[in-house]
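Participant: Mind folding the following:
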Amino acid sequence: MDRVKLQFSQEESVLLTDPAIILTKNRILARISEMMGIVSEEEVAIAELYRDQLPPEVFQFPPKLSRGEQYQQLPWLMLDFPRVFQDPDQLAIRQFFWWGKLFSSTLLVSGIHKEAVLYSNLMQWPDLYICVQASPWEHHFEADNAQLISSLSAENYRSICKKEFLKLAFQLPVENWEKAPEFFLRSYTRWMQLLVRS
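Facilitator: Sure, this is the predicted structure:
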């Protein structure tokens, strides 16, 4: 039994004995989850407005809300719609909340969907990021993962666009949480503008 010892710092001891911290966290996540549920309904309504101009895959699956506790050791919530992840023609819009960090909205496309998006003027939004690494499954905005398209040289941009997938993103700092619903819906409308086919 001598080997089994628990040791905590003063700060950790305070947190350990205070259930209010976890209860508050749970209330916050429940409110954000409820907000994202309402956003999902709005997204479906927005997509329906463009149904005749969108790839039919957009409507293949209903919105899905997921949650977890350990993206870089922090809780997260994620809303996907559309959510087509089959290769080679992936098509997904992901709304993401990352505790203490940010809200983000991403468009992931590959195959025929990627080619359609690349014909758009992506420079129209100076706050648009592009994934620069080999994997599309990271959600942070460090320079090794996402960079503003407007900051890239034409050569770097062309090189990034040669990857099998294209992942574009907008972000909102978590301190601006009251703007999250508007941010998600504005971003979703922007993604629709890239996906509509004339």
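
Participant: hey, where'd the helices end up in the chain?
Facilitator: Shown for the chain, the helices assigned by DSSP state H span residues 10-16, 19-49, 111-118, 154-160, 180-195.

Participant: To Arg94, which of those lies closest?
Facilitator: Arg94 lies closest, by Cβ to Cβ, to one member of these: helix 180-195, at 10.0 Å. All C-beta spots, glycine's among them, are computed from the backbone N, C-alpha and C.

Participant: Which strands or helices does the closest one pack on?
Facilitator: helix 19-49, strand 91-98, strand 102-110, helix 111-118, strand 165-173 (3 or more Cβ pairs under 8 Å, 6 or more residues apart in numbering; DSSP states H and E).

Participant: do that again at 6 Å, thanks
Facilitator: Secondary-structure packing of helix 180-195 (3 or more Cβ pairs under 6 Å, 6 or more residues apart in numbering; DSSP states H and E): helix 19-49, strand 102-110.

Participant: re earlier: pipe the helices of the chain into CSV and attach mean neighbour count per row.
Facilitator: Below are the helices of the chain laid out as CSV (neighbours: other Cβ atoms under 10 Å):
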stretch, mean neighbour count
helix 10-16, 10
helix 19-49, 14
helix 111-118, 16
helix 154-160, 12
helix 180-195, 19
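
Participant: now those as a markdown table including mean pLDDT and distance to Gln72?
Facilitator: Shown next, in a markdown table, are these (pLDDT from 0 to 100; distance: least, Cβ to Cβ, whole Å):
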| stretch | mean pLDDT | distance to Gln72 |
| --- | --- | --- |
| helix 10-16 | 93 | 19 |
| helix 19-49 | 97 | 17 |
| helix 111-118 | 91 | 27 |
| helix 154-160 | 92 | 23 |
| helix 180-195 | 97 | 20 |
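
Participant: Turn these into JSON lines, columns for distance to Asp127.
Facilitator: Shown next, in JSON lines, are the helices of the chain (distance: least, Cβ to Cβ, whole Å):
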{"stretch": "helix 10-16", "distance to Asp127": "36"}
{"stretch": "helix 19-49", "distance to Asp127": "19"}
{"stretch": "helix 111-118", "distance to Asp127": "17"}
{"stretch": "helix 154-160", "distance to Asp127": "16"}
{"stretch": "helix 180-195", "distance to Asp127": "10"}
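
Participant: still on that earlier bit, how about the helices and strands packed on helix 180-195 in TSV, adding distance to Trp125?
Facilitator: Shown next, in TSV, are those (distance: least, Cβ to Cβ, whole Å):
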stretch	distance to Trp125
helix 19-49	17
strand 102-110	12
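
Participant: among these, which is nearest Glu164?
Facilitator: Among the helices and strands packed on helix 180-195, the nearest to Glu164 by Cβ to Cβ is strand 102-110 (5.6 Å).

Participant: Looking at the closest one now, give me its mean pLDDT.
Facilitator: Throughout strand 102-110, pLDDT has a mean value of 98.

Participant: Mind listing residues that contact that strand?
Facilitator: 90-97, 117, 136, 164-174, 180, 183-184, 187, 191 (Cβ atoms under 6 Å, 6 or more residues apart in numbering).

Participant: Counting neighbours, which of these end up buried?
Facilitator: In the contacts of strand 102-110, burial by neighbour count holds for 90-97, 117, 136, 165-172, 180, 183-184, 187, 191, counting by 16 or more other Cβ atoms under 10 Å.

Participant: Understood, closing this out.
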